[in-house]
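K.L.:
just the structure for this:
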Amino acid sequence: MPTRHLDMALVNQVATAALGWDIEYDYWERQGAMTALLSWEHPEALSTVRRWLDRAVETQTSEGWLLHEMTGEKRYLDAAVRQLEAVLAGQDESGFLHDFLDDPLTPLESSGTLMFAAAAGMATGLDIADEQITAAGVRALDAVAAIVAPDGSIDRVVLPPGGPGVPMGAMPLAVSFFLLAAFRLRSAAGLTEKLG
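P.N.:
Predicted structure coming up:
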């Protein structure tokens, strides 16, 4: 599936931004980046992720398991596909999702768009997504790729605490999901090289 904005140089730019994070809070936001950087086999990934994990263990706990992985029950995969199809119905023609999925008058938002792209990529990898879901995930990823800043940050994220009318800006969460979505959709998006 052709993309207009997504290429390996841009993925490397975002990975460099993620590897440079040095913040002492919100380690949960890095979970996607950890998986993605290790999956892409970036040469600096292991040492960086170990540092993040050491700090995360000191500050939080998280299970991170999907219900399907825990139970082996297919009904959870079926529910995931139904959820993806429901979100897909609200995708803007640009590829973005709106801050409130069912309200096209709310701003187009990056982090939710990237979470959808990552989930579509996961469904593609599990071979439970149809071509429409995979294409929508690539379209979502490519839409956000068009707004990646030169320093690798990603804007147009609803800032905490979230909700109607809150400001938008850049947050590490979007970078994490960008890297994860790019990895999970790498074949469909034509990303064949390794990072670094």
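
K.L.:
next up, the contacts around the closest residue to Ala18 other than its chain neighbours.
P.N.:
Using C-beta to C-beta, 6 or more residues apart in numbering and skipping residues adjacent in sequence, the residue nearest Ala18 is Ala33, 4.6 Å away. (C-beta placed from N, C-alpha, C; glycine too.) Counting by C-beta atoms under 8 Å, 6 or more residues apart in numbering, Ala33 touches 18, 21, 172, 175-176, 179-180.

K.L.:
look up how far Leu101 lies from Ala33.
P.N.:
24 Å (C-beta to C-beta, to the nearest Å).

K.L.:
center of this protein - which residue?
P.N.:
Phe177 (2.1 Å; C-alpha atoms, centre = their mean).

K.L.:
quick one, grab the pLDDT at that one.
P.N.:
You'll see Phe177 listed with a pLDDT of 92.

K.L.:
surely it touches Gly112?
P.N.:
No: contact criterion C-beta atoms under 8 Å: Phe177 and Gly112 do not qualify, at 9.0 Å.

K.L.:
so where's the protein uncertain?
P.N.:
Where the chain drops to pLDDT under 70, the residues are 22-31, 54-70.

K.L.:
for it, which segments count as helices?
P.N.:
Secondary structure of the chain (DSSP state H): helices at 8-19, 31-39, 45-59, 67-71, 74-88, 110-125, 131-145, 172-184, 186-189.

K.L.:
quick one: closest of the ones you listed to Ile154.
P.N.:
Closest approach to Ile154 among these is made by helix 172-184 (3.9 Å; C-beta to C-beta).

K.L.:
quick one: that closest one to helix 31-39, angle?
P.N.:
40 degrees (axes from the mean of the first three to the mean of the last three C-alpha atoms, to 10 degrees).

K.L.:
and helix 172-184, what does it pack against?
P.N.:
helix 8-19, helix 31-39, helix 110-125, helix 131-145 (3 or more C-beta pairs under 8 Å, 6 or more residues apart in numbering; DSSP states H and E).

K.L.:
now that helix, how far from the chain's geometric center?
P.N.:
Put simply, helix 172-184 sits 3 Å off its chain's centre (C-alpha atoms, centre = their mean, to the nearest Å).

K.L.:
same thing with stretch 99-108?
P.N.:
19 Å.

K.L.:
can you give me the buried ones in that stretch?
P.N.:
Buried residues in stretch 99-108, counted by 16 or more other C-beta atoms under 10 Å: 99-101, 108.

K.L.:
that older thread, tell me which of the helices of the chain sits most buried.
P.N.:
Comparing the helices of the chain by mean neighbour count (mean count of other C-beta atoms under 10 Å), helix 172-184 comes out on top with a mean of 27.

K.L.:
what angle do helix 110-125 and that one make with each other?
P.N.:
Using the same axes, to 10 degrees: helix 172-184 against helix 110-125 is 20 degrees.
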